[in-house]
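Student: test case, fold it:
(4 chains)
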2 protein chains.
Amino acid sequence: MIVLDYTDRRPIYEQIVERFQSLVMCGVLEKDAPLPSVRGLAMELSINPNTIQRAYAELERRGVIYTVKGKGNFVADQGALRRLRREELLGAATVLVKKAKEDGLEKQEVAEMIDQVWEQGGGKDD
Amino acid sequence: MIVLDYTDRRPIYEQIVERFQSLVMCGVLEKDAPLPSVRGLAMELSINPNTIQRAYAELERRGVIYTVKGKGNFVADQGALRRLRREELLGAATVLVKKAKEDGLEKQEVAEMIDQVWEQGGGKDD
DNA sequence: CTAACTGTACTAATTCGCTTATTACAGTTA
DNA sequence: TAACTGTAATAAGCGAATTAGTACAGTTAG
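Tutor: Presented below is the predicted three-dimensional model:
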């Protein structure tokens, strides 16, 4: 369910955060579904429990999951998550626009590029 | 010409690389234009010459600039660069589209988002 | 109650990449 | 020759990420 990419420059706790966020967002993990235990997942990934702990703490801070001491971590209500994803989407759009402007492209050109990627790109509606 | 952002998580040598790449890409720096000297730019930015050196080495590796020992660094022919930036731009667009599809958005909605970010975002044409 | 799970907290040590400091060498040019 | 250019190399410092280890607290099944 979780795969680490050690060639990725981002820290692994951040990869874990992103990964669970995606799993929740796309419906694989539904509301109140339990996440792997801190120690269990650490064992499975052959990393330190502290690192999992850090990832879970961040997920809770973002409102993606909630914690019950002694029981575990569970997927939270998705209201906050939708807002979060909206922000991420805006972030991605901002990156793209920034690059495009740096290169002196016109808005029209970016729109065409989006159009092209949308059609060809391996997405959900294929 | 070069501004460092210490709140940016990326290393400064990478910021310098990106910055010069943009300057070349948008035509501010044309073919064979000289770049600031290693020591000079280091002085101006109050950082170590080694860091500039590293950035210039990377720019040369990418084919954005070329070096003449004893004389300086100069902007290379832009053929390779255009292809490079095009790829980066496509990458950013792909990330955006992927996220959007994950969230079940329509192409139209993404276009509107781009439009909005384009207008409000502090960009080149303000 | 006990054992075996859960999460939480904290400190020390390590590792790794970025950056600095410093020195030295080599090519160019006025 | 003097004052620029780039290049190379080593040592040191720093900070973030990660590990290791220990301890404490809540839950649950036997």
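Student: buried stuff in the lengthiest helix in chain A?
Tutor: Across chain A, the longest stretch assigned as helix under DSSP state H is helix A:79-102. Using 16 or more other Cβ atoms under 10 Å in any protein chain shown as the test for burial, helix A:79-102 gives A:81, A:84-85, A:88-89, A:92-102. Quick note: C-beta positions are derived from backbone N, CA and C, even for glycine.
Student: out of those residues, who's nearest DNA strand D?
Tutor: A:Glu88 (18.0 Å; Cβ to the nearest atom of the strand).
Student: any idea how far DNA strand C is from the closest residue to A:Glu102 other than its chain neighbours?
Tutor: Spatial nearest neighbour of A:Glu102, excluding adjacent residues (Cβ to Cβ, 6 or more residues apart in numbering or on different chains): B:Ser22 at 4.1 Å. Going from B:Ser22 to DNA strand C by Cβ to the nearest atom of the strand, to the nearest Å gives 18 Å.
Student: gap between the longest helix of chain A and the chain center?
Tutor: Relative to its chain's centre, helix A:79-102 lies at 13 Å (Cα atoms, centre = their mean, to the nearest Å).
Student: quick one: contacts of it?
Tutor: With contacts defined as Cβ atoms under 8 Å, 6 or more residues apart in numbering or on different chains, helix A:79-102 is touched by A:21, A:24-25, A:62-64, A:109-110, B:22, B:25-26, B:85, B:88-89, B:92-93, B:95-96, B:99-100, B:103, B:105, B:110, B:113-114, B:117-118, B:121, B:123-125.
Student: please pick the buried ones from those.
Tutor: The buried subset of these (16+ other Cβ under 10 Å) comprises A:21, A:24-25, A:64, A:110, B:22, B:25, B:85, B:88-89, B:92-93, B:95-96, B:99-100, B:103, B:105, B:110, B:113-114, B:117-118.
Student: wait, A:Trp118 touches B:Gln108, no?
Tutor: No - using Cβ atoms under 8 Å, A:Trp118 is not in contact with B:Gln108; the gap is 10.3 Å.
Student: can you list contacts of stretch A:18-32?
Tutor: Under Cβ under 8 Å, 6+ apart, the answer for stretch A:18-32 is A:1-3, A:35, A:55, A:59, A:62, A:64-65, A:74-78, A:81, A:84-85, B:102-103.
Student: for stretch A:53-61, same thing?
Tutor: With Cβ under 8 Å, 6+ apart, stretch A:53-61 has contacts from A:Tyr13, A:Glu14, A:Ile16, A:Val17, A:Phe20, A:Gln21, A:Leu35, A:Val38, A:Ile65, A:Tyr66, A:Thr67, A:Asn73.
Student: ok now the helix or strand following the longest helix of chain A, how far from the chain's centre?
Tutor: Going down the chain from helix A:79-102, the next helix or strand is helix A:107-120, by DSSP states H and E. For helix A:107-120, the separation from the chain centroid amounts to 24 Å (computed by Cα atoms, centre = their mean).
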